[in-house]
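Asker: Structure for this input, please:
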Amino acid sequence: MIRFFYILFFYLTFISFSLQAQSQVDSSSAHNLAVEKCEIPPVYPGGDQAILNLISSNIKYPRKARNKGITGTSYVSFIVDTEGYVVDIKIKKSSGNELLDKEAMRVITLLERWTPGIQDDKKVRVIYTLPIRFVLHTSPGW
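Answerer: Numbering: from 1, shown residues only. Now for the predicted structure:
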């Protein structure tokens, strides 16, 4: 029997997080600026492995995409705000399939509250981009 599996190919890239600069600034306040890097980066409860576990145990390969053999990588951008919440979740670069992109965004909404990043003794908004790769394997060994 052929079994389909998906793999999230972000573990290695997750370690470095593929930090991306965010250039949007609300002119009403510097508080709304999201930074690329900070002295003390945000920390997810349980660390990188906890994020990997959460995503891998909650992601659902969209049935229509799986049945059509559609694969791809969705690059999901989000901000960890000054209170540690994940906000402004967006597709930075599409997988080319709306179903995969929507699922990648959905699973990111499940992330719990982080310890916020710190710069110059102040909490700051930090932007991250995570690649989530959807791959189908037909090998019986998977």
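Asker: Going by neighbour count, which residues of the longest strand seen in the chain are buried?
Answerer: Once the chain is assigned using DSSP state E, the strand that runs over the most residues is strand 122-134. Residues of strand 122-134 classed as buried by neighbour count (16 or more other Cβ atoms under 10 Å): K123, V124, R125, V126, I127, Y128, T129, L130, P131, I132, R133, F134. Using the backbone N, CA and C atoms, a C-beta is placed for each residue, glycine as well.
Asker: The last one contacts L99, correct?
Answerer: It stands for F134. No. With contact defined as Cβ atoms under 8 Å, F134 does not reach L99; the gap is 9.3 Å.
Asker: Could you look up the SS state of the closest residue to A65 other than its chain neighbours?
Answerer: Setting aside the residues directly before and after it, A65 is nearest to L99 in space (Cβ to Cβ, 6 or more residues apart in numbering), at 4.7 Å. Secondary structure, DSSP: H, G, I helix; E, B strand; the rest coil: L99 is helix.
Asker: show me where the protein has strands.
Answerer: Using DSSP E, strands in the chain cover 34-35, 72-80, 86-93, 117-119, 122-134.
Asker: What helices and strands are in contact with the last one?
Answerer: The one in question is strand 122-134. When contacts are defined as 3 or more Cβ pairs under 8 Å, 6 or more residues apart in numbering; DSSP states H and E, strand 122-134 packs onto helix 11-16, strand 34-35, strand 72-80, helix 98-108, strand 117-119.
Asker: what lines up beside that strand in the sheet?
Answerer: strand 34-35 (parallel), strand 72-80 (antiparallel), strand 117-119 (antiparallel) (DSSP bridges).
Asker: right, and these - which one's nearest S56?
Answerer: Closest of these to S56 is strand 72-80, at 14.7 Å (criterion: Cβ to Cβ).
Asker: Contacts for that closest one next, please.
Answerer: With Cβ atoms under 8 Å, 6 or more residues apart in numbering as the test, strand 72-80 has contacts from 9, 18, 20, 22, 34, 42, 86-97, 100-101, 103-105, 108, 111, 114, 116-117, 125-134.
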